[in-house]
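Novice: Quick one: sequence plus predicted model below, questions after.
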Amino acid sequence: MGAPGEHAAPETPAGPAAFPSVPAGPAAYLSVPAGPAVFPSVPAVPPGRPPRPLARRLLAPVSTLAGVAAAFAYVGTVDPNEPGHYPVCPLLRFTGIYCPGCGGLRSAHAFVHGDLPAALGANALAVLGYGLFAVVMVLWLIRAIRGVPMRLAISPAWWWGIGAVLALFTLVRNLPFGSALAP
C-alpha cells in the first residue's frame with residue numbers, strides 16, 4: 001500500500017474476462033457467420049438513447065431552407081438588373097475580371113422568375129449550384145425524418161477539384177472565346 005490517505009487503484013482482471021465482447025484467441029476471428037449478420041445495420045440512434053422528436057430533427061434543415069427561400073424571395077422582388085440595389089463586385093470594379101460569382105444575383109432573379117435560359121446566361125455555375133443545393137436539401141430532409149444524422153465529409157481531392165472548376169470557369173468566362181459564360 002502507499003502512504004496513509006492514498007487509495008489503491010482497483011484491480012482489473014486481465015485477459016478475455018476483462019473484455020467480454022472481444023473474442024478469445026485467433027480462431028474466434030476466423031469463424032465469421034454467413035448471411036446478413038456479417039454486416040449488421042447501424043442503428044440511427046445509439047442504443048439506450050431515445051430518438052429526438054421529429055420537430056427537433058427538422059429544425060436545422062427547415063431553418064436553412066427557410067433562410068435560402070427568403071434570400072431568393074428578396075432577390076426575386078428586388079431586381080439586380082437595376083443599378084443601385086446591390087453593391088458591385090469589387091473584383092469586377094477594380095480589375096474588370098469576372099469572378100465565379102459575377103452574375104449570380106441576376107441568375108437567381110431569372111431563376112426565381114422561371115427564366116432558365118436567362119439564369120444560365122447570367123451564371124451557369126450558379127444554376128448548377130442551385131440544383132446541387134436542392135439535392136443536398138432533399139437528402140438532409142429525408143435523413144432528418146428518418147432520424148439519421150447528416151454528415152458531409154468532403155475529401156481534400158474534391159475541394160481541389162471544386163477549386164479547379166471555379167478557376168477554369170473564371171478563366172474561360174474572361175477570355176474572348178468564353179464570352180457566352182460572361183454575365
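Specialist: Right, received. Where do you want to start? Numbering: from 1, shown residues only.
Novice: give me the element the residue nearest to the spatial centre of the chain is part of.
Specialist: Closest to where the C-alpha atoms of the chain average out (Cα atoms, centre = their mean) is L152, at 4.6 Å. Here L152 is covered by no helix or strand, with elements defined by DSSP states H and E.
Novice: Next, give phi and psi for it.
Specialist: phi -110, psi 100 (degrees, to the nearest 10).
Novice: can you check P83 too?
Specialist: Backbone torsions for P83, taken as degrees, to the nearest 10, come to phi -70, psi 150.
Novice: Quick check: pLDDT value at F169.
Specialist: We have a pLDDT of 91 for F169.
Novice: For it, pull up the helix or strand it's in.
Specialist: Using DSSP H and E, F169 falls within helix 156-173.
Novice: Check which helices and strands that helix sits against.
Specialist: Counting contacts by 3 or more Cβ pairs under 8 Å, 6 or more residues apart in numbering; DSSP states H and E, helix 156-173 packs against helix 124-146. For the C-beta atoms, the positions are set from N, CA and C on the backbone; glycine is no exception.
Novice: and the helix it packs on, how far out from the chain's middle?
Specialist: Centroid separation for helix 124-146 versus its chain: 9 Å, with Cα atoms, centre = their mean, to the nearest Å.
Novice: Show the average pLDDT along stretch 57-77.
Specialist: Mean predicted confidence for stretch 57-77 is 94.
Novice: and it, C-alpha only, in CSV?
Specialist: Provided in CSV are the C-alpha atoms of stretch 57-77 (Å, rounded to 0.1, in the frame of the first residue of the first chain):
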residue,chain,number,x,y,z
ARG,A,57,-34.7,16.8,-36.1
LEU,A,58,-36.3,19.0,-38.7
LEU,A,59,-35.3,22.3,-37.1
ALA,A,60,-31.9,22.7,-38.9
PRO,A,61,-32.8,21.7,-42.4
VAL,A,62,-36.1,23.6,-42.4
SER,A,63,-34.5,26.7,-41.0
THR,A,64,-31.8,26.5,-43.7
LEU,A,65,-34.4,26.0,-46.4
ALA,A,66,-36.4,29.0,-45.0
GLY,A,67,-33.3,31.2,-45.0
VAL,A,68,-32.4,30.4,-48.6
ALA,A,69,-36.1,30.7,-49.7
ALA,A,70,-36.2,34.2,-48.0
ALA,A,71,-33.0,35.2,-49.8
PHE,A,72,-34.4,34.0,-53.2
ALA,A,73,-37.7,35.8,-52.5
TYR,A,74,-35.8,39.1,-51.8
VAL,A,75,-33.6,38.7,-54.9
GLY,A,76,-36.8,37.8,-56.9
THR,A,77,-38.5,41.1,-55.8
